[in-house]
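A.B. asks: Next comes the sequence, and after it the predicted model I'd like to discuss.
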Amino acid sequence: EVKLQNAKKSQDVQNVVVEKLVEIYEAAGNHETTAINMAETGPTVILFVGVNGVGKTTTIGKMANRYHQAGKKVLLAAAATFATEQLDVWAKRADVDIVTGKPQSDPAAVVFDAVQKAKQDDYDILFVDTAGRLQNKVNLMNELEKMKRIITREIPSAPHEVLLVLDATTGQNALTQAKLFKESTAVTGIVLTKLDGTARGGIVLAIRNELHVPVKFIGLGEQISDLRPFDPNEFVYGLFKGLIDVKALDNK
Ligand code: GDP
């Protein structure tokens, strides 16, 4: 491509590389978008999956805040029943409602209660936090499938998204997790967290190429507003930060 475009200056070469990477990223998708799939009528249900510590609870808090600010009626379900306190803190921060079960209660029961409430009280969006224990693939699959069955029984078009949360700082390990979750359940999108540190998240390109799952949001810190919709152009430029002069690109 560099030869084709007759790029000679290092700046031009770098631009070609970035353009090409964005092209590759987009070609690896199947016409999917980075937008969240919303229900046509009734509550939109979004399931969050991912291993402990990746930033699942934090992401749900940020998303809840984002949609609440946009005027949506938001409900959280604490289906990771051994650790509901943190989600509760985020519900208060985002000023949204939450359904929790008793400690150690069946996550599926919490999901059932939350879906009922979402329907009865006309919520726009229900975010479901799931447990991140990864004992083995069979358990994980069973637990997720059970939750999904209950959700679909109550709202046939749901869940509208299954978002896998991945920690950008874990590199290759994030790819392994993505593979495991994708084999266990139909993941519809990725949220890549902790991109505010030194991690540049190049692993996204590998995940996209191997699994064809789009990144929908990125996490850029621990604060409630540190969440952005994913923009492939901006992201790839970010990967090359320091290598290319972004100002020069802007002025092109
Ligand atoms: P969970 O176990 O997947 O629910 O993870 P948590 O939401 O509890 O987050 C684990 C840790 O990662 C916490 O200390 C969060 O503050 C931190 N964290 C989450 N998202 C981000 C992010 O985008 N950037 C940074 N720097 N830290 C994050």
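C.D. replies: Done, it's in.
A.B. asks: Nearest residue to Glu222 in space, please, no chain neighbours.
C.D. replies: Closest residue in space to Glu222, ignoring its immediate chain neighbours: Thr58 at 6.6 Å, by CB to CB, 6 or more residues apart in numbering. For every residue, glycine as well, the C-beta is placed using N, CA and C.
A.B. asks: Please report the distance of the one you found from the ligand.
C.D. replies: From Thr58 across to the ligand, the span is 3 Å (CB to the nearest ligand atom, to the nearest Å).
A.B. asks: pLDDT score assigned to Leu47?
C.D. replies: For Leu47, the model assigns a pLDDT of 96.
A.B. asks: same deal with Ala70?
C.D. replies: Model confidence at Ala70 (pLDDT) stands at 96.
A.B. asks: Quick check: phi and psi on it?
C.D. replies: The phi/psi pair for Ala70 (degrees, to the nearest 10) reads phi -80, psi 10.
A.B. asks: Could you check stretch 219-228 and say which residues are buried?
C.D. replies: 219-220, 224, 226-227 (16 or more other CB atoms under 10 Å).
A.B. asks: could you dump it to PDB, C-alpha only?
C.D. replies: What follows is stretch 219-228, C-alpha atoms only, in PDB (Å, rounded to 0.1, in the frame of the first residue of the first chain):
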ATOM      1  CA  GLY A 219     -13.200   2.900  29.800                       C
ATOM      2  CA  LEU A 220     -10.700   5.700  30.500                       C
ATOM      3  CA  GLY A 221     -10.600   5.900  34.300                       C
ATOM      4  CA  GLU A 222     -12.300   5.200  37.600                       C
ATOM      5  CA  GLN A 223     -14.600   8.200  37.500                       C
ATOM      6  CA  ILE A 224     -18.300   8.000  36.500                       C
ATOM      7  CA  SER A 225     -17.800  10.100  33.300                       C
ATOM      8  CA  ASP A 226     -14.700   8.100  32.100                       C
ATOM      9  CA  LEU A 227     -16.500   6.200  29.400                       C
ATOM     10  CA  ARG A 228     -16.600   6.900  25.700                       C
END
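A.B. asks: which residues does the residue in the stretch 101-250 of the chain positioned nearest to the ligand bridge with?
C.D. replies: Residue nearest to the ligand within the stretch 101-250 of the chain: Gly219 (2.8 Å; CB to the nearest ligand atom). Listed beta-bridge partners, Gly219: Leu227 (assigned using DSSP bridges).
A.B. asks: Contact partners for the residue nearest to Glu222?
C.D. replies: Listed by CB atoms under 8 Å, 6 or more residues apart in numbering, the contact set of Thr58 reads 90, 193, 219, 222.
A.B. asks: Any chance of TSV for those residues, columns pLDDT and secondary structure?
C.D. replies: Converted to TSV, the contacts of Thr58 look like this (pLDDT from 0 to 100; DSSP: H, G, I helix; E, B strand; the rest coil):
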residue	pLDDT	secondary structure
Trp90	96	helix
Thr193	94	strand
Gly219	94	strand
Glu222	96	coil
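A.B. asks: Closest to Asn173 out of these?
C.D. replies: Nearest to Asn173 among these: Thr193, at 13.4 Å, using CB to CB.
A.B. asks: That closest one contacts Leu163, correct?
C.D. replies: No: between Thr193 and Leu163 there is no contact under CB atoms under 8 Å: 11.3 Å.
A.B. asks: Now the common contact residues for these two.
C.D. replies: Residues touching both Thr193 and Leu163 (CB under 8 Å, 6+ apart) are Thr59.
A.B. asks: so what's the most centrally placed residue in the chain bridging to?
C.D. replies: With distances taken as CA atoms, centre = their mean, Val191 lies nearest the centre of the chain, 2.5 Å away. Here Val191 sits in beta bridges with Val165, Phe217, going by DSSP bridges.
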